[in-house]
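Visitor: coordinates for the following, if possible.
(4 chains)
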There are 2 protein chains.
Amino acid sequence: MDSSGSSQKKAKKPRQVRDAEATQAKILDAAEQEFARHGLTGTRIDAIAARTGVVKAMIYYYFDSKEGLYQAVMQRIGAELDIAFQQLAVTDLPAEAALKESIRAGINYGAAYPHRGMLWFYEAVQNQGQYGQMSGWQKSFWSITTILERGIAEGAFRSLDPFLATINILGVCTFYFNAHENLKYLAPTRQLLSSEMIERQTQEAIDLVLAGIKA
Amino acid sequence: MDSSGSSQKKAKKPRQVRDAEATQAKILDAAEQEFARHGLTGTRIDAIAARTGVVKAMIYYYFDSKEGLYQAVMQRIGAELDIAFQQLAVTDLPAEAALKESIRAGINYGAAYPHRGMLWFYEAVQNQGQYGQMSGWQKSFWSITTILERGIAEGAFRSLDPFLATINILGVCTFYFNAHENLKYLAPTRQLLSSEMIERQTQEAIDLVLAGIKA
DNA sequence: GTCTATAATACGATAGAC
DNA sequence: GTCTATCGTATTATAGAC
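Guide: You can find the predicted model right below:
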């Protein structure tokens, strides 16, 4: 027998080094995954704790309650979405190019964070959008609407309802990923989430939308 | 005081008349609503029982388990969707008219059963589509794909990937309703679920898709 | 077929030692 | 800041009377 720490007595969890910021970030990451998979009510705090490696009590220490943690998660993804769209700097581009870039960015975002679309859906169904509302994602929506209005004014796009068109464009960008688990049975040989298929879908989506709204 | 049944002793639930079929149907209806709102794991059997008016034990008597009940619900909505699309008889119409009718039917279906879109979403996220797969909804999907292939062959539609196009059309038909609770904050004055707005959205969707795929 | 009562467990949240 | 231990309640599922 050796004289190391792990002894005959029942194995105790080794105490973590103290690092408030790192712990909070780990909790947020794990919570985002769990909430995306199970929603606010369906998520188990124990599952988040297990995924994080820290203990359940820490979650309450930092975020007060399950609801508080959920709000923090929605805040973060809303803010990040806003930043992603701001970086596109679409105001410098002609309307058609700006819209193409936005669609491409939207699909890329859906491919990079496939679980976040589900977070938004859960938010709509289970919480009537009350928490997402305050997270600032709306700016991304209106940036597309603005492009459409500009294109119409310049005569590049046909006359249409920019608000409804924005919704429908978002539908095209998100449905592919949100419904993927149902769609995968339709064409088992196609790898819907492979980069080739996503690139093809990106091109199809751009073609459909651009042809659909051009003057 | 009267001498009627409701007496001084603690009120017992009046025993229901025996009607197996009616009870099963009531349970299925209530379960569909609850599963659409909370998903398979999040739904409480007590909530279904309360909504149904029958007692919790009946649900286990008829459907064995929560999962069994869920399967029965998914079977039913898959079968009904299939029937709805079959009744369209789109094979008799020219491709363009057939597609218009399909889009209109899809949006009408979403408007008539706004909760069913959520059932499909939950199915994808929580159960990886395993139960929905066996419910026969795929026939509805392929009926749209077939219209697109026919239109391409006849020269009415441009060359495109009929499979991906079908997905994107479904995205347009469903996103409006699935995301409604998040979208409603964007334009508080517009009543997104009013029949006027839905008719407008139907027209926008048809215009977008038809212009997007015509030769 | 329908109901009551209850077993068995899972879960959110907190108290208090270290 | 991190951990252990536990309280109180909610929930799935079953046993058994009617």
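Visitor: average model confidence for stretch A:154-169?
Guide: Averaged over stretch A:154-169, pLDDT sits at 98.
Visitor: then stretch A:73-90 to CSV, C-alphas only?
Guide: This file holds the C-alpha atoms of stretch A:73-90, laid out as CSV (Å, rounded to 0.1, in the frame of the first residue of the first chain):
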residue,chain,number,x,y,z
VAL,A,73,-27.6,32.1,-20.2
MET,A,74,-30.2,33.9,-22.3
GLN,A,75,-28.5,37.3,-21.7
ARG,A,76,-25.2,35.9,-22.9
ILE,A,77,-26.4,34.3,-26.1
GLY,A,78,-28.5,37.4,-27.0
ALA,A,79,-25.5,39.7,-26.5
GLU,A,80,-23.2,37.4,-28.6
LEU,A,81,-25.7,37.2,-31.4
ASP,A,82,-25.9,41.0,-31.4
ILE,A,83,-22.1,41.3,-31.6
ALA,A,84,-21.9,38.7,-34.4
PHE,A,85,-24.3,40.7,-36.6
GLN,A,86,-22.7,44.0,-35.8
GLN,A,87,-19.4,42.7,-37.0
LEU,A,88,-20.9,42.1,-40.4
ALA,A,89,-21.0,45.9,-41.1
VAL,A,90,-23.7,45.4,-43.7
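Visitor: indicate whether it makes contact with chain B.
Guide: No - judged by C-beta under 8 Å from any C-beta of the partner chain, stretch A:73-90 and chain B are separated, with a smallest distance of 10.9 Å. C-beta coordinates here come from the backbone N, C-alpha and C atoms, glycine included.
Visitor: quick one: that stretch to chain centroid distance?
Guide: 10 Å (C-alpha atoms, centre = their mean, to the nearest Å).
Visitor: check stretch A:188-205 too.
Guide: Worked out by C-alpha atoms, centre = their mean, stretch A:188-205 lies 19 Å from the chain centre.
Visitor: please report phi then psi for the residue lying closest to A:Leu93 once chain neighbours are set aside.
Guide: Residue nearest to A:Leu93 in three dimensions, not counting chain neighbours: A:Glu101, with 6.6 Å by C-beta to C-beta, 6 or more residues apart in numbering or on different chains. When read as degrees, to the nearest 10, the backbone of A:Glu101 gives phi -60, psi -40.
Visitor: show me the shaky parts of chain A.
Guide: Within chain A, the stretches with pLDDT under 70 are A:1-12.
Visitor: which residue is nearest the middle of it?
Guide: The centre of chain A sits closest to A:Arg116, judged by C-alpha atoms, centre = their mean, with a distance of 2.5 Å.
Visitor: test my guess that it contacts A:Ala36.
Guide: Yes - using C-beta atoms under 8 Å, A:Arg116 is in contact with A:Ala36, at 6.7 Å.
Visitor: how near is the residue nearest to A:Leu93 to A:Tyr176?
Guide: According to C-beta to C-beta, to the nearest Å, A:Glu101 stands 18 Å off from A:Tyr176.
Visitor: more crowded one of the two?
Guide: A:Tyr176 (28 against 16; other C-beta atoms under 10 Å in any protein chain shown).
Visitor: what's the helix ranked longest in chain A in contact with?
Guide: Longest helix in chain A, counting residues (DSSP state H): helix A:20-42. With contact meaning C-beta atoms under 8 Å, 6 or more residues apart in numbering or on different chains, helix A:20-42 is reached by A:16, A:43-44, A:47-48, A:51-54, A:58-59, A:62-63, A:66-67, A:69-70, A:72-73, A:76-77, A:115-116, A:118-119, A:122, A:125-127, B:38-39, B:41-42, B:125-126.
Visitor: just checking, A:Lys56 touches A:Ala47?
Guide: No - counting by C-beta under 8 Å, A:Lys56 sits too far from A:Ala47 to count as a contact (10.1 Å).
Visitor: and A:Ile48, what does it touch?
Guide: With C-beta under 8 Å, 6+ apart, A:Ile48 has these contacts: A:Ile27, A:Ala30, A:Ala31, A:Glu34, A:Ile59, A:Leu69.
Visitor: let me have these in TSV, extended by neighbour count.
Guide: Shown next, in TSV, are the contacts of A:Ile48 (neighbours: other C-beta atoms under 10 Å in any protein chain shown):
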residue	neighbour count
A:Ile27	24
A:Ala30	21
A:Ala31	25
A:Glu34	24
A:Ile59	24
A:Leu69	25
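Visitor: just put those residues in a markdown table and tack on distance to B:Tyr185.
Guide: Compiled in a markdown table, the contacts of A:Ile48 are given as follows (distance: C-beta to C-beta, whole Å):
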| residue | distance to B:Tyr185 |
| --- | --- |
| A:Ile27 | 28 |
| A:Ala30 | 28 |
| A:Ala31 | 23 |
| A:Glu34 | 25 |
| A:Ile59 | 29 |
| A:Leu69 | 22 |
